[in-house]
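**Q** One predicted model, sequence on top.
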2 protein chains.
Amino acid sequence: MSQDQSEMKTLRLLFPQWQGGYDESEFPGQIYPLGARLLAWLAPKSEAPFVEIPVEAWTGAEAPKEGGVFYRQEILRQMRAARNIIDAHAPDRVLTFGGDCLISQAPFAYLNERYDGKLGIIWIDAHPDVTTPKDFDHAHAMVLGNLLGDGEPLMAGEVKKPCKPEQVALVGVDGVFPHEREAMDRFGLRVIPSKDIMNGGDAAAAWIREKGFARVAIHLDLDVLDPTIFRSLLFANPHVGEHIESEHGKTRMHDIGRVLKDIAAQVDVVGMSFAEYMPWDALSLKKMLSELSFMK
Amino acid sequence: MSQDQSEMKTLRLLFPQWQGGYDESEFPGQIYPLGARLLAWLAPKSEAPFVEIPVEAWTGAEAPKEGGVFYRQEILRQMRAARNIIDAHAPDRVLTFGGDCLISQAPFAYLNERYDGKLGIIWIDAHPDVTTPKDFDHAHAMVLGNLLGDGEPLMAGEVKKPCKPEQVALVGVDGVFPHEREAMDRFGLRVIPSKDIMNGGDAAAAWIREKGFARVAIHLDLDVLDPTIFRSLLFANPHVGEHIESEHGKTRMHDIGRVLKDIAAQVDVVGMSFAEYMPWDALSLKKMLSELSFMK
């Protein structure tokens, strides 16, 4: 790393956003907020300020669809709230506990301004997050597109300084839909498949060296993990039997941990987001415990 | 319920015991303490005093086997510490977050004295916990035997007023080893199989009505749950491929929640223990996060 870590001003954000992952079931509104809080609980203790982004709770009411995506106005409100909170703290580094993938937009947009575009973005995810409302209605699949000035127009409009495609490497993306392929090709995004970061593969850190970035922001969508091993994922929801027609992750936690450590050993990690953690068993237990009259 | 709940003095115990479930791998010493703390975190907030029982941390050192079981001396020390803490608080009700199944011994032994043997014991578990060191070396499988005056002799010696077999119903026990069957038959323990509490089955509450108990202590070993649905169990450890030759649970969380609520609606639940919660994904995340230099 190039900067004294102890001099960096870090902000921790708790971002229990679920609206971007809303799928017309009761699960997103329950599992994303619990996942965000549990991630923050599992993280090492820190003296850094810890701020919660206010998020409207799920009520079971019919979801508004605006401009082709669910909850657009509420998501825009959350993005602005997050940005206002980040600006107020003016940190050198932002650690974000989500929530759906959209939780990275405000921190990464801030960091790209803060470091004047001299920022590498490692997007670890089984999916490229470059869809648009033309093809999909869940806004969490548009967040990287928004950061690149594409995606959902109003959300992209919140990014004052769009990132350039050459700042971005997609890590763990193995298979995509045709409309995602089109966007990836149009941007010319670098793609590092799962096999190149598994079994000691160094491709993510090598890309950073090749590009010469001194500062990096990392987005980690936990769905890059193999859902038969790490079960707290959308693709391992024990309450639904249906197969979701979308790419499943192939990596293991030790692969991801090693990639993150290798990057941190060579550059400053100025942004880190954890997204899409869905602790199904913890939710099941919590709901059961909440209904017991004697737990007083 | 027969008593005004608000008059009852409740004690909450955090009991991160793992020695009773030690299996010569690195997992018990890591997963049981995290499971205990996570259970307490998931539980509804309460004004009740919350006390942690001190438990020696796992160090990786070779485990002592004494009298045929692992860590006997440390387990005895923990039982006495738990009992001293309970006695100091002299509660009407004890809620215990474990930990391996042995965490119920000190609270249930206390409650049996406190209520002079007028106590029903609902033992919800895929296993009867009536083994002895003759057949097994993991002491958590002996805890109900200890409470009945059998089990492991020194541990059973900590129970001043042994419970009578007619106080106990085993709930969710479907298949057992021959040595377990022998002990169950010798005691004449009432067994309620999984099918009699699933799909609305009322057998546990009916047994309490039949026996006329006004106060009940409930032990819940989460391994009574189907490990293909609730994955945070020994039988769903993603890090081992081996099949464990022991009965797996068949029930769902909604079955167990309903049984507990039905019991609480008709009698005072004066003891409730939660045991054998193994949040594998949370442990995996926690370990990964702890190794990242930038999580400061």
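**A** Right, received. Where do you want to start?
**Q** going forward, measure contacts and count neighbours with C-alpha atoms only.
**A** Noted.
**Q** so which helix or strand takes in residue A:199?
**A** For residue A:199, there is no helix or strand it lies in under DSSP states H and E.
**Q** and chain A, which residues reach chain B?
**A** By CA under 8 Å from any CA of the partner chain, the residues of chain A that approach chain B are A:5, A:10, A:42-48, A:95, A:228-232, A:238-239, A:253-254, A:257, A:260-261, A:264, A:269, A:279, A:281-282, A:284-286, A:288-296.
**Q** From those residues, keep the buried residues only.
**A** A:5, A:10, A:42-43, A:48, A:95, A:229-232, A:238, A:253-254, A:257, A:260-261, A:264, A:269, A:279, A:281-282, A:284-286, A:288-290, A:292, A:294-296 (16 or more other CA atoms under 10 Å in any protein chain shown).
**Q** that older thread, and the residues of chain A next to chain B, which of them are in helices?
**A** A:42, A:253-254, A:257, A:260-261, A:264, A:281-282, A:284-286, A:288-290 (DSSP state H).
**Q** Got the phi and psi for the spatially most central residue of chain A?
**A** Against the mean C-alpha coordinate of chain A, by CA atoms, centre = their mean, the closest residue is residue A:101 at 3.4 Å. Dihedral angles of residue A:101 (phi, psi; degrees, to the nearest 10) stand at phi -60, psi -20.
**Q** Relative to residue B:172, how far out is the closest residue to residue A:254 other than its chain neighbours?
**A** Distances taken as CA to CA, 6 or more residues apart in numbering or on different chains place residue B:288 nearest to residue A:254, at 7.5 Å, with adjacent residues excluded. Counting by CA to CA, to the nearest Å, the separation of residue B:288 from residue B:172 is 36 Å.
**Q** Give me the below-cutoff pLDDT ranges for chain A.
**A** For chain A, applying pLDDT under 70 flags the ranges A:1-6, A:242-243.
**Q** Longest helix in it, by number of residues?
**A** Chain A, longest helix under DSSP H: helix A:72-89.
**Q** Report all helices and strands that that one contacts.
**A** Using 3 or more CA pairs under 8 Å, 6 or more residues apart in numbering or on different chains; DSSP states H and E, the elements in contact with helix A:72-89 are strand A:65-66, helix A:105-114.
**Q** cutoff 10 Å now
**A** strand A:10-15, strand A:50-52, strand A:65-66, helix A:105-114, helix A:153-156 (3 or more CA pairs under 10 Å, 6 or more residues apart in numbering or on different chains; DSSP states H and E).
**Q** how about CSV for the ones you listed, with distance to residue B:109 added?
**A** Compiled in CSV, the helices and strands packed on helix A:72-89 are given as follows (distance: least, CA to CA, whole Å):
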stretch, distance to residue B:109
strand A:10-15, 43
strand A:50-52, 43
strand A:65-66, 58
helix A:105-114, 54
helix A:153-156, 60
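**Q** deepest of the ones you listed, which one?
**A** Of all the helices and strands packed on helix A:72-89, strand A:10-15 has the most neighbours on average by mean count of other CA atoms under 10 Å in any protein chain shown, namely a mean of 25.
**Q** May I have the strands that pair with it, each with its orientation?
**A** Sheet pairing of strand A:10-15 (DSSP bridges) gives strand A:50-52 (parallel), strand A:93-98 (parallel).
**Q** In space, what's closest to residue A:277 - neighbours in sequence excluded?
**A** residue A:35 is the one closest to residue A:277 (CA to CA, 6+ apart), at 5.1 Å.
**Q** May I have the phi/psi pair for that neighbour?
**A** phi -60, psi -40.
**Q** Would you mind measuring from it to residue A:127?
**A** 20 Å.
**Q** Would you check how far apart residue A:69 and chain B are?
**A** If you measure residue A:69 against chain B using CA to the nearest CA, to the nearest Å, the figure is 31 Å.
**Q** Show me what residue of the stretch 51-200 of chain A gets nearest to chain B.
**A** Distance from chain B to each residue of the stretch 51-200 of chain A (CA to the nearest CA) is smallest for residue A:95, at 7.6 Å.
**Q** you'd agree that residue is up against residue A:44?
**A** No: if you go by CA atoms under 10 Å, residue A:95 and residue A:44 don't touch, sitting 11.9 Å apart.
**Q** what residues are shared contacts of these two?
**A** B:295, B:296 (CA atoms under 10 Å, 6 or more residues apart in numbering or on different chains).
**Q** number of nearby residues for residue A:64?
**A** Each residue near residue A:64 was counted by other CA atoms under 10 Å in any protein chain shown, and the total is 13.
**Q** I misspoke; the intended subject was residue A:141.
**A** That count, for residue A:141 with other CA under 10 Å as the rule, works out to 25.
**Q** Helix, strand, or coil at it?
**A** Here residue A:141 is helix, with the state taken from DSSP: H, G, I helix; E, B strand; the rest coil.
**Q** Correct me if wrong: it contacts residue A:128.
**A** Yes: counting by CA under 10 Å, residue A:141 does reach residue A:128; the two are 7.6 Å apart.
**Q** where do the contact lists of the two overlap?
**A** With CA under 10 Å, 6+ apart, residue A:141 and residue A:128 have common neighbours residue A:180.
**Q** just how off-centre is stretch A:61-79 within its chain?
**A** Distance of stretch A:61-79 from the chain centroid (CA atoms, centre = their mean, to the nearest Å) equals 18 Å.
**Q** Kindly report the same for stretch A:265-273.
**A** Worked out by CA atoms, centre = their mean, stretch A:265-273 lies 15 Å from the chain centre.
**Q** And for stretch A:97-111?
**A** Using CA atoms, centre = their mean, the offset of stretch A:97-111 from its chain centre is 6 Å.
**Q** what residues are up against the nearest residue to residue A:10 once chain neighbours are set aside?
**A** Closest residue to residue A:10 apart from its sequence neighbours, by CA to CA, 6+ apart: residue A:93 at 4.6 Å. Going by CA under 10 Å, 6+ apart, residue A:93 touches A:5, A:8-12, A:86, A:107, A:111, A:114, A:216-217, A:268-272, B:294-296.
**Q** if I look at residue A:93, how far off is residue A:263?
**A** Applying CA to CA to residue A:93 and residue A:263 gives a distance of 15 Å.
**Q** next one: residue A:283
**A** Taking CA to CA, one finds residue A:283 at 33 Å from residue A:263.
**Q** again with residue A:9
**A** 19 Å.
**Q** For residue A:149, which residues are in contact?
**A** Taking CA under 10 Å, 6+ apart as the test, what residue A:149 contacts is A:143, A:155, A:156, A:157, A:158, A:159, A:160, A:161, A:162, A:163, A:164, A:165.
**Q** What residues does the fifth one make contact with?
**A** For residue A:158, the contact set (CA under 10 Å, 6+ apart) comprises A:76, A:79, A:80, A:83, A:105, A:106, A:109, A:146, A:147, A:149.
**Q** Just the closest of those residues to residue A:22, please.
**A** Minimum distance to residue A:22 across those is 14.8 Å, recorded for residue A:76 (CA to CA).
**Q** Around the residue lying closest to residue A:26 once chain neighbours are set aside, count how many other residues there are.
**A** The shortest distance from residue A:26 to any non-neighbouring residue, by CA to CA, 6+ apart, is to residue A:60 (7.0 Å). Using other CA under 10 Å, residue A:60 is surrounded by 10 other residues.
**Q** Can you tell me the SS state at residue A:60?
**A** Classified using three-state DSSP, residue A:60 is coil.
**Q** Could I get the contacting residues of the residue lying closest to residue A:24 once chain neighbours are set aside?
**A** Ranked by CA to CA, 6+ apart and with sequence neighbours excluded, the top spatial neighbour of residue A:24 is residue A:63, at 7.6 Å. Residue A:63 makes contact with A:19, A:22, A:23, A:24, A:69, A:70, A:71 under the criterion CA under 10 Å, 6+ apart.
**Q** what's the distance between residue A:227 and chain B?
**A** According to CA to the nearest CA, residue A:227 and chain B sit 10 Å apart.
**Q** Quick one: residues contacting residue A:255.
**A** By CA under 10 Å, 6+ apart, the contact list for residue A:255 reads A:194, A:197, A:198, A:199, A:200, A:201, A:225.
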